[in-house]
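A.B. asks: here's a sequence, model it:
(one chain, ligands or ions: 1)
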Amino acid sequence: MATTTITRSALRGLRCRACGALGPADERYVCGECLGPIEPEYDLASFEPGALRRDIERGPRSLWRYAPLLPVREPGLRHAVGWTPLLPAPRLGAALRVERLYLKDDTRNPTLSFKDRPVAIALARALALGLDTLACASTGNLAGAVASAAARAGLRAFVFVPEATEAGKTASAAAYGATVVRVRGTYDQVNRLCGRLADERGWGFVNFTLRPYYAEGSKTLLFECAEQLGWELPHHVVVPVGSGALLTRTATAVAQLRATRLAGGEHCHIHAAQPAGCAPVSDAVLDGWRSVAPVRAPATLARSLAIGAPADGDGSVAAIRESRGSAASVDDDAIRDAVRLLAATEGVLVEPAGGVVIAAARELASRGVFHTGETVVLYLTGNGYKGGPEEIPLRPVIDADADAFAEAYGEVAP
Ligand SMILES: *Cc1c(COP(=O)(O)O)cnc(C)c1O
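C.D. replies: Predicted coordinates for the structure are as follows:
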């Protein structure tokens, strides 16, 4: 039997989420009719499910295996983003009382966070448009992802971060050759500045002018989870929320897997995890599905989630409600404890955003949200080696002397 190989993207155009107008995939980044947010739309009915699945399974071991469901072609940089492991987590599961628990370990991307995914798609788009500069507003991880991708493609990069961003994140972005602009203020202030600059400069601002493409990279986490579960949707996914792009595109991914008949399953509930010091989405969900109220002064250890006015905030609330999911918000002590619990039970070290997800899962489990036999996937989006371990207390330094060891460590090594 002849097999058809699907190499094209099924992109049909860019659809406005506000007024519904479908426009061409040109350089615009908001709707030409109403200035609403636009996102790629695909001709999903054009795929024969068996052929599509076979093509994906034969594809590269990176997010580019899902090329038919992405809006751009792989630019040939071989940066190895994505296709990260889905780890069974029985020891953590026992501690949280969740029977079938999995960790999507996305801390192993080139710059140690899931942000390499949206940036891979934004970069491909920037190259297709012939741009020579990438830029972004970042809570920390995006800065490194943009800086590294720009270096690999030979572009200039400008990354804007709040002054309080962890040194490991700003220093690594600078090492990749980016111009790191530290701004006095919150992420939302940085974001507004970048919104102004994006209109003035011809730069590829990954989270403004390239946002419709950028956000598409976030779909691939759920695509991978479904494929790694043998083309089944998980029953639950717990997603950390900053701007809400990852959460809303997780819902898009579920819809696209169903529409192409690549994966099924009774339900896939999407749950938001946020730190109590900045929880605009979780608060809105838990407060009767109201609209999102901005948090003016975020205060949390989980700086990568400190976005008080999330671009996809109301979209996240709607997506959670539609999936019949829920939300949790957790305080800094719970986040610290969760980082250590995960590391000590499963050998995976995450930054505080990962602690937010583990602590949120603990709370959702204690509320009886997960049922026996259901698969629960936790997204681990940032590596602990980039920020956070300095929070872990250490025992005292000793002299190079066996007696000093016995004295200081006798209780753990009797
Ligand atoms: C940016 C970020 C998130 C949140 O992603 P959004 O798409 O902005 O909601 C989650 N975890 C980490 C580690 C991040 O850097």
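
A.B. asks: residue of the stretch 251-400 of the chain closest to the ligand, please.
C.D. replies: residue 382 (2.9 Å; Cβ to the nearest ligand atom). Using the backbone N, CA and C atoms, a C-beta is placed for each residue, glycine as well.

A.B. asks: what's the pLDDT at that residue?
C.D. replies: Note on residue 382: pLDDT of 97.

A.B. asks: if I look at it, how far off is residue 400?
C.D. replies: Between residue 382 and residue 400 the distance is 36 Å, computed by Cβ to Cβ, to the nearest Å.

A.B. asks: with adjacent residues omitted, what lies nearest to residue 106?
C.D. replies: residue 114 (4.2 Å; Cβ to Cβ, 6 or more residues apart in numbering).

A.B. asks: and the one you found, how far from the ligand?
C.D. replies: 6 Å (Cβ to the nearest ligand atom, to the nearest Å).

A.B. asks: in this structure that residue contacts residue 218, no?
C.D. replies: Yes: taking Cβ atoms under 8 Å as the definition, residue 114 is a contact partner of residue 218 at 7.4 Å.

A.B. asks: which of those two has more neighbours?
C.D. replies: residue 114 (29 against 26; other Cβ atoms under 10 Å).

A.B. asks: residue contacts, the more buried one?
C.D. replies: 106, 141, 218, 221, 246, 379, 381, 382 (Cβ atoms under 8 Å, 6 or more residues apart in numbering).

A.B. asks: now the second one. Nearest residue, chain neighbours left out?
C.D. replies: Read that as residue 141. Per Cβ to Cβ, 6+ apart, closest to residue 141 is residue 113, 3.9 Å.

A.B. asks: that neighbour contacts residue 382, doesn't it?
C.D. replies: Yes: here residue 113 reaches residue 382: they are 4.5 Å apart, a contact under Cβ under 8 Å.

A.B. asks: now for those two: what residues contact both?
C.D. replies: Going by Cβ under 8 Å, 6+ apart, residues that sit against residue 113 and also against residue 382 are 107, 141, 304, 351.

A.B. asks: what's near enough to touch the first one?
C.D. replies: Spelled out, that is residue 107. Taking Cβ under 8 Å, 6+ apart as the test, what residue 107 contacts is 84, 113, 348, 349, 350, 351, 354, 380, 381, 382, 383, 384.

A.B. asks: grab the nearest non-local neighbour of the last one.
C.D. replies: By that I understand residue 384. That would be residue 349: by Cβ to Cβ, 6+ apart, it lies 3.4 Å from residue 384.

A.B. asks: check whether that neighbour really touches residue 385, as I assumed.
C.D. replies: Yes: using Cβ under 8 Å, residue 349 is in contact with residue 385, at 6.6 Å.

A.B. asks: where does the record place the domain boundaries for this structure?
C.D. replies: Under the assignment automatic domain parsing, the domains of the chain span 1-46, 86-112+218-386, 114-214.

A.B. asks: follow-up on the earlier one: neighbour count winner among residue 382 and residue 400?
C.D. replies: Neighbours per residue, other Cβ under 10 Å: of residue 382 and residue 400, the larger number sits with residue 382, 30 against 6.

A.B. asks: what segments of the protein are helices?
C.D. replies: Using DSSP state H, the helices of the chain run over 49-57, 90-96, 116-128, 141-153, 167-175, 187-200, 211-214, 219-228, 245-259, 280-286, 313-322, 332-346, 352-366, 402-409.

A.B. asks: columns distance to residue 159 and mean neighbour count on top of these, output as TSV?
C.D. replies: Below are those laid out as TSV (distance: least, Cβ to Cβ, whole Å; neighbours: other Cβ atoms under 10 Å):
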stretch	distance to residue 159	mean neighbour count
helix 49-57	33	15
helix 90-96	34	18
helix 116-128	11	27
helix 141-153	4	26
helix 167-175	5	19
helix 187-200	10	18
helix 211-214	14	26
helix 219-228	23	24
helix 245-259	17	23
helix 280-286	24	23
helix 313-322	23	21
helix 332-346	25	19
helix 352-366	18	27
helix 402-409	43	12
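
A.B. asks: returning to that earlier point: show the contacting residues for the residue nearest to residue 384.
C.D. replies: 107, 339, 342, 343, 383, 384, 385, 389.

A.B. asks: repeat that for 7 Å
C.D. replies: 343, 383, 384, 385 (Cβ atoms under 7 Å, 6 or more residues apart in numbering).

A.B. asks: can you tell me which of the residues you listed are buried?
C.D. replies: 343, 383, 384 (16 or more other Cβ atoms under 10 Å).

A.B. asks: return the member of the residues you listed nearest to residue 68.
C.D. replies: residue 383 (29.8 Å; Cβ to Cβ).

A.B. asks: let me see the contact set for the closest one.
C.D. replies: So, once contact is read as Cβ under 7 Å, 6+ apart, residue 383 ends up touching 107, 112, 113, 349, 350, 351.

A.B. asks: ok, residue 374 next?
C.D. replies: Contacts of residue 374 (Cβ under 7 Å, 6+ apart): 100, 235, 236.

A.B. asks: for these, which one is nearest the ligand?
C.D. replies: residue 236 (17.5 Å).

A.B. asks: now that closest one: closest residue in space that isn't a chain neighbour?
C.D. replies: Closest to residue 236 by Cβ to Cβ, 6+ apart is residue 376, at 4.5 Å.

A.B. asks: quick check: the one you found touching residue 364?
C.D. replies: No: with contact defined as Cβ atoms under 7 Å, residue 376 does not count as touching residue 364 (8.5 Å).

A.B. asks: need the residues touching each of the two.
C.D. replies: residue 370.

A.B. asks: and the closest residue to the ligand within the stretch 51-200 of the chain, how far from residue 61?
C.D. replies: When scored by Cβ to the nearest ligand atom, the stretch 51-200 of the chain has residue 141 as its residue closest to the ligand, at 3.4 Å. Per Cβ to Cβ, residue 141 is found 22 Å from residue 61.

A.B. asks: with residue 103 instead?
C.D. replies: 19 Å.

A.B. asks: neighbour-wise, which of these two wins?
C.D. replies: Counted by other Cβ under 10 Å, residue 103 and residue 61 do not tie: residue 103 has more neighbours, with 26 against 9.
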